[in-house]
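A.B. asks: Just to be clear, the model below is a prediction. Sequence and coordinates:
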Amino acid sequence: MLFAVQMTVNIPHDLDPEVRADTVAREKAYAQELQRDGTWKHLWRIAGTYSNLSVFEVADGDALNDVIWGLPLFPYMDIEVTALARHPSAI
Ligand SMILES: O=C(O)C[C@H]1C=CC(=O)O1
């Protein structure tokens, strides 16, 4: 199944800078691992924001939930999930 996911990051300004840097680095490694294995098919920055628009290919909603809960930045994110179906006019 394909899911479009919008993630908006809101890291508290008073978060320890070392914790922030470590969390962002772990997020990058996690995102790149999932892109390499084909799970995270698109990762786009929404211009001018600290948000991204992503497309994931996973078996089902439970698998997507596991991926999302595994995001190191998950505690600092607002997340919107949209299930995708094939458009009949798509070629
Ligand atoms: O920067 C973001 O949009 C948040 C997150 C998603 C991938 C990544 O490396 O960080």
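C.D. replies: It's in. Numbering: from 1, shown residues only.
A.B. asks: Give me the residues contacting the top helix by length along the chain.
C.D. replies: When the chain is scanned for its longest helix (criterion: DSSP state H), the result is helix 17-36. Counting by C-beta atoms under 8 Å, 6 or more residues apart in numbering, the neighbours of helix 17-36 from elsewhere in the structure are 11, 40, 41, 43, 56, 67, 70, 71, 72, 73, 76. Every residue, glycine included, has its C-beta placed from N, CA and C.
A.B. asks: quick one: pLDDT of the nearest residue to the second one once chain neighbours are set aside?
C.D. replies: Once flanking residues are discounted, residue 40 sits nearest to residue 34: 3.9 Å by C-beta to C-beta, 6 or more residues apart in numbering. Listed pLDDT for residue 34 reads 98.
A.B. asks: Around residue 34, count how many other residues there are.
C.D. replies: Burial of residue 34 is recorded as 19 neighbouring residues (other C-beta atoms under 10 Å).
A.B. asks: and residue 47, that one's in a strand?
C.D. replies: No - when classified by DSSP: H, G, I helix; E, B strand; the rest coil, residue 47 is found to be coil rather than part of a strand.
A.B. asks: Next one: it from the ligand, what distance?
C.D. replies: Between residue 47 and the ligand the computed distance is 12 Å (C-beta to the nearest ligand atom, to the nearest Å).
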